[in-house]
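Colleague: Need a 3D model of the sequence below.
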Amino acid sequence: MIELWKLLAVGLAVVFFPALPQLSSTMRQNGKHSPAFDLLIRNARIRIIDGSGNPWFRADVGIKDGRIARIGRIDPAAAEKTIDAKDQIVAPGFIDVHTHVESIYSLPAAENFVRMGVTTLVTGNCGGSVTNVGAFLGRIKEKPLAVNLATLIAHGSVRREAMGSDDRAPTPDEMKKMEALVEQGMKDGAVGLSTGLIYVPGTYAKTDEITNLARVAARYGGLYATHMRNEGEKVADAIRESIQIGEQAGLPVEISHFKISSKKLWGQTPMTIGLVRDARARGLMVTVDQYAYTASSTSLDSRMPSWLRAGGLEEGKKRLADKATRERVINEMKEGLKRSGFKDYSYAMVASYQPDHTFNGKSIAEITTQVRGKKDVQSQIEQMLTMYEAGGAGMVYHGMNEDDVQRIMREPFTMIASDSGVREIDESVPHPRGYGNNARVLGRYVRELKLITLEDAIRKMTSLPAQTFGFRDRGLVREGLAADLVIFDEKTIGDRATFDKPHQFPVGISYVIINGAQVFANGQMLDTRPGVALRGPGYALTIASN
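Modeller: Presented below is the predicted three-dimensional model:
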């Protein structure tokens, strides 16, 4: 068994004590015409925020062969290309640890992320991922991406491959198959195990099943990232379960999109935050991520009983064809709505509904009035079931409280993450977080509300994610590390995407540099695709042992 402490020791050593490049050999030019640096970021008033949370300082940054080669005063004549930062912030590229970008190879520019200053994506969250991690990450060689890419191996996808979508415990053989899939995923470079415990089939798994798989991920230096079993009335129990899994399996815990989605529990974040603080005080590695909005986004069927969805859509439709079963579903949804503190589904907005695009951007209450001529709760639920039977819908749920969002954001263990996929402008009305999340934090919560400092906001987007997920050469502006950088104007940066008009890019970001190459410059996307696959420590250990 690989000892976790050895993996962590190696990772931390590289994070905090990176090997500096041999500048003497770099400066020994091949003749008089070879520049010492490929790219120089300069200006006498450049302010560098290095991602560690420390105050800014003025310097130039010289980049060579995709790495930060020198920080200090640099002669412009020593560089092949120069960027004048004009007193703007130079920060590490933002690392988004919670994305859903399994389709990224169809949109390799990842424009919505790049324009937010994001240079590295972690996908495979909420229990859904590819199961062939090696093929997924390896494809970047044939289909280059603009951004760096890492993935988790997801419990839901592994469970579905081993035993379908059944609502039952796995047999011993099925459990062995799941363990083997997770192990192979970790060997192929997954950074950890994810769960989505409100989704089919993850919702059917008991705690011990997840713990067993988490132990496999732990052997290869992975973490446990979870969309918890409940973010509403039973949120405290769900947090405790998440921490218990990490504690028993011996690996770090990362709680996804930390929130309270029950109106009855608004204001209870001191309690939920306290559970995380207590775990950390016991020596456990527990972090959370968050998007800067009071609305979530997930599927329509997430508001329906889990037993209805067992076996997939076709099985669910068969159950709903039975009058008594349909009535049971309706009653359970009414009870769930009542427990959440919402009077009806006016808070539930359709993001994308394939059978009828006119539903996009409207609430369930509005759609029910449009289709059925009434909007009582019974009719709204009937409309939701009809839409589910037609294939389902993507939704935006306005179910959170701004004070809770702000309390969570202040915590030192909170990372900023979008929970978004790669976007393209179409007829959908998705959550604006996929276009504005990072810029919104820096514009609204840093500059306007002064809720957190600029330095701390950058740390939450860079060095904290890098340390949590083991990206040893990212997340800081340090000599020897990868040259993933974003240049922005702290006075103008901000989001423009709204819930009504989400397909709008942020403002205030001037340059995005990934592995030393410019991918965004002066308001324009470039055709460069310098992204690399970032693999977890299990990959290197597997290569070394072969």
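Colleague: Show the contacting residues for the residue nearest the centre of the chain.
Modeller: Centroid-nearest residue in the chain: His98, 1.0 Å away (criterion: C-alpha atoms, centre = their mean). His98 makes contacts with 122, 125, 225, 256-257, 289, 417-419, as judged by C-beta atoms under 8 Å, 6 or more residues apart in numbering. Where you see a C-beta, it was placed from the backbone N, CA and C, and this is true even at glycine.
Colleague: Could you export these to a markdown table, including columns for pLDDT, distance to His398 and secondary structure?
Modeller: Converted to a markdown table, those look like this (pLDDT from 0 to 100; distance: C-beta to C-beta, whole Å; DSSP: H, G, I helix; E, B strand; the rest coil):
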| residue | pLDDT | distance to His398 | secondary structure |
| --- | --- | --- | --- |
| Val122 | 98 | 26 | strand |
| Asn125 | 98 | 22 | coil |
| Ala225 | 98 | 25 | strand |
| Ser256 | 98 | 19 | coil |
| His257 | 98 | 15 | coil |
| Asp289 | 98 | 20 | strand |
| Ala417 | 98 | 20 | coil |
| Ser418 | 98 | 17 | coil |
| Asp419 | 98 | 15 | coil |
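Colleague: Those residues into a markdown table, with extra columns for distance to Pro108 and neighbour count?
Modeller: Below are the contacts of His98 laid out as a markdown table (distance: C-beta to C-beta, whole Å; neighbours: other C-beta atoms under 10 Å):
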| residue | distance to Pro108 | neighbour count |
| --- | --- | --- |
| Val122 | 17 | 28 |
| Asn125 | 20 | 27 |
| Ala225 | 24 | 31 |
| Ser256 | 25 | 24 |
| His257 | 26 | 24 |
| Asp289 | 24 | 27 |
| Ala417 | 21 | 30 |
| Ser418 | 18 | 30 |
| Asp419 | 21 | 25 |
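Colleague: Looking at those, which is nearest Leu197?
Modeller: Nearest to Leu197 among the contacts of His98 is Ser256, at 10.4 Å by C-beta to C-beta.
Colleague: thought the closest one was touching Cys126?
Modeller: Yes. With contact defined as C-beta atoms under 8 Å, Ser256 reaches Cys126; the gap is 6.5 Å.
Colleague: tell me, what's touching these two both at once?
Modeller: In contact with both Ser256 and Cys126: 194, 227, using C-beta under 8 Å, 6+ apart.
Colleague: how about stretch 251-271: buried residues?
Modeller: 251-263, 265-266, 268-269 (16 or more other C-beta atoms under 10 Å).
Colleague: How about stretch 233-249?
Modeller: So for stretch 233-249, counting by 16+ other C-beta under 10 Å, buried means 233-236, 238-239, 241-243, 245-249.
Colleague: residues in contact with that stretch?
Modeller: Here stretch 233-249 has contacts from 197, 207, 210-211, 214-215, 217-218, 224, 226, 228-231, 252-253, 255, 260-262, 264-265, 268, 271-272, 275-276, 279, 284-286, 339-340, using C-beta under 8 Å, 6+ apart.
Colleague: please redo it, this time with the cut-off set to 6 Å
Modeller: 207, 210-211, 214-215, 218, 224, 226, 228-230, 253, 255, 260, 262, 272, 275, 279, 284, 339 (C-beta atoms under 6 Å, 6 or more residues apart in numbering).
Colleague: can you check stretch 342-350 too?
Modeller: 263, 359-360, 362-365, 377, 380, 393, 395-399.
Colleague: try it again with 8 Å
Modeller: So stretch 342-350 is in contact with 263, 295, 300, 303, 337, 359-367, 375-377, 380-381, 384, 393-399, 429, 499, going by C-beta under 8 Å, 6+ apart.
Colleague: hmm, back to that, among the buried residues of stretch 251-271, which ones are in strands?
Modeller: Using DSSP state E, the members of the buried residues of stretch 251-271 that fall within strands are 253-255.
Colleague: Could you export those as JSON lines, including pLDDT?
Modeller: Shown next, in JSON lines, are those (pLDDT from 0 to 100):
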{"residue": "Val253", "pLDDT": "98"}
{"residue": "Glu254", "pLDDT": "98"}
{"residue": "Ile255", "pLDDT": "98"}
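Colleague: As TSV, these with distance to Arg67 would be great.
Modeller: Listed next are those as TSV, based on distance: C-beta to C-beta, whole Å:
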residue	distance to Arg67
Val253	32
Glu254	28
Ile255	33
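Colleague: ok, the residues you listed vs Asn54, which is closest?
Modeller: Closest to Asn54, out of all of those and judged by C-beta to C-beta, is Glu254, at 24.2 Å.
Colleague: residues touching the closest one, list them.
Modeller: 97, 192, 223-226, 286-289, 468.
Colleague: Mark which of those are part of helices, please.
Modeller: Within the contacts of Glu254, residues falling in helices by DSSP state H are Thr468.
Colleague: which of the contacts of Glu254 lies closest to Trp307?
Modeller: Thr226 (21.7 Å).
Colleague: That closest one bridge partners, please.
Modeller: With DSSP bridges as the criterion, Thr226 is bridged to Thr195, Ile255.
Colleague: Check the gap between the closest residue to Lys264 other than its chain neighbours and Tyr347 for me.
Modeller: Distances taken as C-beta to C-beta, 6 or more residues apart in numbering place Gly341 nearest to Lys264, at 3.8 Å, with adjacent residues excluded. Per C-beta to C-beta, to the nearest Å, Gly341 is found 10 Å from Tyr347.
Colleague: Looking at these two, which is more packed in?
Modeller: Tyr347 (20 against 15; other C-beta atoms under 10 Å).
Colleague: could you measure that one against Ser296, distance?
Modeller: 10 Å.
Colleague: Now the common contact residues for these two.
Modeller: 397, 399.
Colleague: Which SSE is immediately downstream of the longest helix along the chain?
Modeller: Determined from DSSP H, the single longest helix within the chain is helix 323-340. Toward the C-terminus, helix 323-340 is succeeded by strand 348-352 as the next helix or strand (DSSP states H and E).
Colleague: What is the distance between that following strand and the centre of its chain?
Modeller: 21 Å (C-alpha atoms, centre = their mean, to the nearest Å).
Colleague: Who are the packing partners of the following helix or strand past it?
Modeller: Beyond strand 348-352 on the C-terminal side, the first helix or strand identified by DSSP H and E is helix 364-372. Packing partners of helix 364-372 (3 or more C-beta pairs under 8 Å, 6 or more residues apart in numbering; DSSP states H and E): strand 348-352, helix 377-389.
Colleague: which parts of helix 364-372 are buried?
Modeller: Neighbour-count burial for helix 364-372 flags 364-369 (criterion: 16+ other C-beta under 10 Å).
Colleague: same check, this time on stretch 347-354
Modeller: 347-353.
Colleague: got those residues as TSV, with distance to Ile74 and pLDDT columns?
Modeller: TSV is the format used below for the buried residues of stretch 347-354 (distance: C-beta to C-beta, whole Å; pLDDT from 0 to 100):
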residue	distance to Ile74	pLDDT
Tyr347	54	97
Ala348	54	98
Met349	50	98
Val350	53	98
Ala351	47	97
Ser352	48	97
Tyr353	54	97
